[in-house]
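Q: Output the structure for:
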Amino acid sequence: MKSSTRDKAEGKMHQVKGRIKEISGRVVGNEDLEAEGKDENRDGKIQEKFGQIKKMINK
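A: Residues are numbered from 1 along each chain as shown. Below you'll find the predicted structure:
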């Protein structure tokens, strides 16, 4: 698997995990878990964009 494709896939995975943590934290009232989820979601978006940039550079 290409590096750019792997980054995009892992980024999506982190976004999903982050969103689940964020919602779970909100439901149970755990602000730390909610914040952790937001951070992981944001990091996943960054990683996905990084993969898109790599793909554009390699063209």
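Q: can we go C-alpha only for contacts and neighbour counts from here?
A: Fine.
Q: For residue 14, give me its contacts.
A: Contact analysis of residue 14 by CA atoms under 8 Å, 6 or more residues apart in numbering lists 40, 41, 43, 44.
Q: go again using 10 Å as the cut-off
A: 8, 20, 37, 39, 40, 41, 42, 43, 44, 45, 47, 48 (CA atoms under 10 Å, 6 or more residues apart in numbering).
Q: Could you do residue 44 as well?
A: 7-18, 38, 50.
Q: which non-adjacent residue is nearest it?
A: Here the nearest residue to residue 44 in space, its sequence neighbours aside, is residue 11; by CA to CA, 6 or more residues apart in numbering that works out to 4.0 Å.
Q: Give me the number of neighbouring residues for the one you found.
A: 24 (other CA atoms under 10 Å).
Q: Retrieve the pLDDT associated with it.
A: For residue 11, the pLDDT comes out at 94.
Q: how far is the helix or strand encompassing it from where the chain is centred?
A: Assigned by DSSP states H and E, residue 11 falls within helix 3-28. Offset of helix 3-28 from its chain centre (CA atoms, centre = their mean, to the nearest Å): 4 Å.
Q: Ok, stretch 24-33 next?
A: Worked out by CA atoms, centre = their mean, stretch 24-33 lies 18 Å from the chain centre.
Q: Also stretch 40-50?
A: The mean C-alpha position of stretch 40-50 is separated from the chain mean by 4 Å, CA atoms, centre = their mean.
Q: ditto for stretch 47-57
A: 14 Å.
Q: Could I get the buried residue list for it?
A: 47, 48, 49, 50, 51, 54 (16 or more other CA atoms under 10 Å).
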